[in-house]
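[1] The following block contains a protein sequence and its predicted model.
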Amino acid sequence: MITIWAPDGVGEVRRGDELADLLLPLVEPADGDIVCVTSKAVSKAEGRVVAGDRAEAVVRETVRLVARRGPLSIVVNRLGLTMAAAGVDASNVEPGRIVLLPEDPDASARRLRAIVAERTGANVGVLVTDTAGRAWREGQTDIAIGAAGLTVVDDHAGRTDAYGNELLVTAPAVADELAGAAELAAGKLHGRPFTLVRGRGDLVLPPGEDGAGAAGLLRPAGSDLFGFGSREAVLAALSGGPEHRFAFGSPTDADELAGLLTGLLGAGTGVTVDDDAVCLAGADERARWVAEVAAYAHGWRTDRVDGATVRLSPAGPGAAR
């Protein structure tokens, strides 16, 4: 059985507050419990509430724009998280002030875990949670942006289901599932920044082992199938800048690229595969331009042009056109 409760009575969290001082009078953690704390509480305690313009703060916290629709920007922020407005928030804070995400949520989680263990002797896992939207789905849910002492992904690879089928890619993001469950218990407007989850001690790591942290939930650059929004992907492919190439992933194979170019340019187009290269013969200016843009978006580049023949070759991340 899993039990989740979010205690009342915390009050306003202020700069310099020790989170354990606010938590421990309200709960008695036991071995295997999981303490969830909102990123906003962590940020307030760590002095990440500042005066200023939210839009300017979003620019400062942004590493890369993923998509923009009107005033809404989805970006990769300095923590590697893909979030709306870089995670900069102006809710549950005094007017004219904004809340930035913690400097290092994994470190914040490790600190709270260590203090809880020191004061109570309990070996707990700790999650720092924040709210995020999801591609393809309406609404938001909480996710883990910091973690300590906890398995964040329960990889099922190599296990079998009830029918004997081997599981290959099933890997529940249990840290995010716990964060969502914690938010369900705490709510958004009730002043309950802490949640205690009991009943999943199997996910809590032994004392002294903090694990990969929530950073272990981030996909490496280039491995996400949706590195850009649909409009932004078109613009990036047209610009062809080396700084965007990684977002399109590793190069596709030669046969796949040849088939794609044939589909774009017509069955009569002279597209051939030569060793590790794809060649386009008799190409006019438009066909060469289409081939170049399509090749860029699939991890290839123009190697050389011999008269009317264009030769394409795989390009590593960051290679120039």
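    Done, it's in. Numbers count the residues shown, from 1 in each chain.
[2] how does the chain divide into domains?
    The record, using automatic domain parsing to delimit domains, assigns the chain the ranges 3-48+102-217, 230-314.
[3] Put together CSV for those domains, with mean neighbour count, mean pLDDT and distance to residue 79 on each row.
    C-beta here means a position set from N, CA and C on the backbone, and glycine is covered the same way. As requested, the domains of the chain are exported to CSV (neighbours: other C-beta atoms under 10 Å; pLDDT from 0 to 100; distance: least, C-beta to C-beta, whole Å):
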stretch, mean neighbour count, mean pLDDT, distance to residue 79
domain 3-48+102-217, 18, 93, 7
domain 230-314, 16, 85, 18
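[4] Please produce TSV containing these, extended by distance to residue 87.
    Supplementary listing: these in TSV, determined by distance: least, C-beta to C-beta, whole Å:
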stretch	distance to residue 87
domain 3-48+102-217	6
domain 230-314	19
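[5] Just tell me which of these ends up closest to residue 67.
    Between residue 67 and those, the shortest separation by C-beta to C-beta is 5.4 Å, and it involves domain 230-314.
[6] now the helices for the stretch 201-321 of the chain?
    When secondary structure is read from DSSP state H, counting those that start in this stretch, the stretch 201-321 of the chain shows helices at 230-239, 254-265, 285-297.
[7] Name the residue closest to the centre of this structure, please.
    Central residue of the chain (C-alpha atoms, centre = their mean): residue 81, 4.1 Å from the mean position.
[8] quick one, what contacts that one?
    Residue 81 makes contacts with 87, 101, 132, 145, 218, as judged by C-beta atoms under 8 Å, 6 or more residues apart in numbering.
[9] how near is the first one to residue 39?
    Spelled out, that is residue 87. Residue 87 sits 8 Å away from residue 39, going by C-beta to C-beta, to the nearest Å.
[10] And the last one, by the same measure?
    From residue 218 across to residue 39, the span is 16 Å (C-beta to C-beta).
[11] Next: residue 214.
    Between residue 214 and residue 39 the distance is 11 Å, computed by C-beta to C-beta.
[12] hey, what's in contact with both of those two?
    In contact with both residue 214 and residue 39: 105, 128, 145-146, using C-beta under 8 Å, 6+ apart.
[13] three-state assignment of residue 172?
    The assignment at residue 172 comes out as coil when based on DSSP: H, G, I helix; E, B strand; the rest coil.
[14] what's the nearest residue to it if we skip its chain neighbours?
    The shortest distance from residue 172 to any residue other than its chain neighbours is 4.9 Å, reached at residue 154 (C-beta to C-beta, 6 or more residues apart in numbering).
[15] for that neighbour, what are its contacts?
    With contact set as C-beta under 8 Å, 6+ apart, residue 154 has these partners: 171-172, 174, 203.
[16] Which positions are bridged to residue 301 in the beta structure?
    Under the criterion DSSP bridges, residue 301 forms beta bridges with residue 313.
[17] That one is in contact with residue 293, isn't it?
    No - Residue 301 is not in contact with residue 293 according to C-beta atoms under 8 Å; the separation is 11.1 Å.
[18] before we move on, back to that, shared neighbours, residue 87 and residue 39?
    Jointly contacting residue 87 and residue 39 under the rule C-beta under 8 Å, 6+ apart are 101, 130, 145.
[19] host element of the last one?
    According to DSSP states H and E, residue 145 maps onto strand 137-148.
[20] just checking, what packs against that strand?
    Here strand 137-148 is seen to pack against helix 39-45, helix 105-120, strand 125-134, helix 174-186 when contacts are counted using 3 or more C-beta pairs under 8 Å, 6 or more residues apart in numbering; DSSP states H and E.
[21] Would you reformat the ones you listed as a markdown table and include distance to residue 94?
    What follows is these, written out as a markdown table (distance: least, C-beta to C-beta, whole Å):
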| stretch | distance to residue 94 |
| --- | --- |
| helix 39-45 | 11 |
| helix 105-120 | 22 |
| strand 125-134 | 20 |
| helix 174-186 | 21 |
